[in-house]
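**Q** need a structure here:
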Amino acid sequence: MTELDRPPRQTAANWILAGVIAAFGLVVFVVTVRDGRADSALLFVALPTTLAAALALLPGRTAHGRVFVVTTIALLLSAVALHEGAICVILAAPLVYAVSHGTTALIRALRDTSRSYAVLAVPLLLLPGLEGSGLAPRLAPDQSVEVVRVVALPADQVTARLAAGPRPTPVRSVPLRLLGVPTPGQVSGDGLDPGDRWMFGYHGSAHGPGGHLLAEVETADAGRIGFRFVEDSSITARWFRWRHADLSWRAVDERHTEVRIRVDYTRGLDPSWYFGPIQQVLLGAGTGHLLDMMTLR
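**A** From the prediction side, this is the model:
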């Protein structure tokens, strides 16, 4: 049996790393339980720590295998440190894997080539990741999302339900539920006249203090209202900032009404080519959840 045919063996370094990871997880687990979050300690601390320790005991044979193990361990431990903020880790994971393996492949290619001038391509590969770092400008941080829905209600009933204001409702969107995206747990306010306010309150979690979002009717016309956001202390403010919203509705026929809502926001995450589409999808789902809260079904 040749050296390459022999399966890689665990070394003392593997066991030491696994022990350090287990100790880190134990400390975080105890702190989490003492903070009164025992209900999520198993999911957000014990599970990723166990997976990270198990990966530490897997000796890699290839360069890409070792990079995958190290990157995964780093992501899992980041998720432990962030607790329920692991949503950020999940969203960034594909980008982190792509950069890690892309860099590994480039280094191996440069090492195997006789053309030393190819190293000049390395700085060019870094350019897409400089956006938002202060070294490069942000690209199109102001985005918009629009959701259109035809409901089986006449226009006058839609107007009445909108005037009653939103109400808390279970989240139906699969992406929002799988990622555990914070959604309003308390909602108050009603009215469609200028100056009327709607408040969306968020429960506190490991993401941070709950906070709230306060929207005020700025303009009102027949079948259309515009909102401005006068206060935003919600836990979603770290990812994006609400700018304006327009809600309109029109009769399709005697028993159906088209409801349209457009939300303008400023993206808080970069680079735009990666987080722009992700936030577009999640904000679209969140805007659909807002329509659900209007009980228009």
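
**Q** using the three-state scheme, assign residue 227.
**A** For residue 227, the secondary structure call by DSSP: H, G, I helix; E, B strand; the rest coil comes out as strand.

**Q** state the distance from it to residue 267.
**A** Shown here: residue 227 relative to residue 267, a distance of 19 Å by CB to CB, to the nearest Å. (Glycine included, C-beta is placed from N, CA and C.)

**Q** try residue 61
**A** Taking CB to CB as the measure, residue 61 falls 41 Å from residue 267.

**Q** contact partners of stretch 87-99?
**A** By CB atoms under 8 Å, 6 or more residues apart in numbering, the residues outside stretch 87-99 that reach it are 68, 71, 74-75, 78-79, 82, 129, 179-181, 207, 274-275, 278.

**Q** tell me which two of the residues you listed sit farthest apart.
**A** 68 and 207 (28.1 Å; CB to CB).

**Q** what about the two, which has more around it?
**A** residue 207 (24 against 18; other CB atoms under 10 Å).

**Q** count of neighbours near residue 111?
**A** Per other CB under 10 Å, the neighbour tally for residue 111 reads 7.

**Q** now it, what's its secondary structure?
**A** Using three-state DSSP, the three-state assignment for residue 111 comes out as helix.

**Q** still on that earlier bit, neighbour-wise, which of residue 61 and residue 267 wins?
**A** Summary of the neighbour comparison: residue 61 and residue 267, criterion other CB under 10 Å, with residue 267 having more neighbours (22 against 11).

**Q** contacts only, for that one.
**A** By CB under 8 Å, 6+ apart, the contact set of residue 267 is 141-143, 240, 275-276, 279.

**Q** quick one: the residues you listed as JSON lines, columns for secondary structure and distance to residue 112 too.
**A** Formatted as JSON lines, the contacts of residue 267 follow (DSSP: H, G, I helix; E, B strand; the rest coil; distance: CB to CB, whole Å):
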{"residue": "141", "secondary structure": "coil", "distance to residue 112": "40"}
{"residue": "142", "secondary structure": "strand", "distance to residue 112": "44"}
{"residue": "143", "secondary structure": "strand", "distance to residue 112": "42"}
{"residue": "240", "secondary structure": "strand", "distance to residue 112": "43"}
{"residue": "275", "secondary structure": "helix", "distance to residue 112": "34"}
{"residue": "276", "secondary structure": "helix", "distance to residue 112": "35"}
{"residue": "279", "secondary structure": "helix", "distance to residue 112": "39"}
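
**Q** no further questions, thank you.
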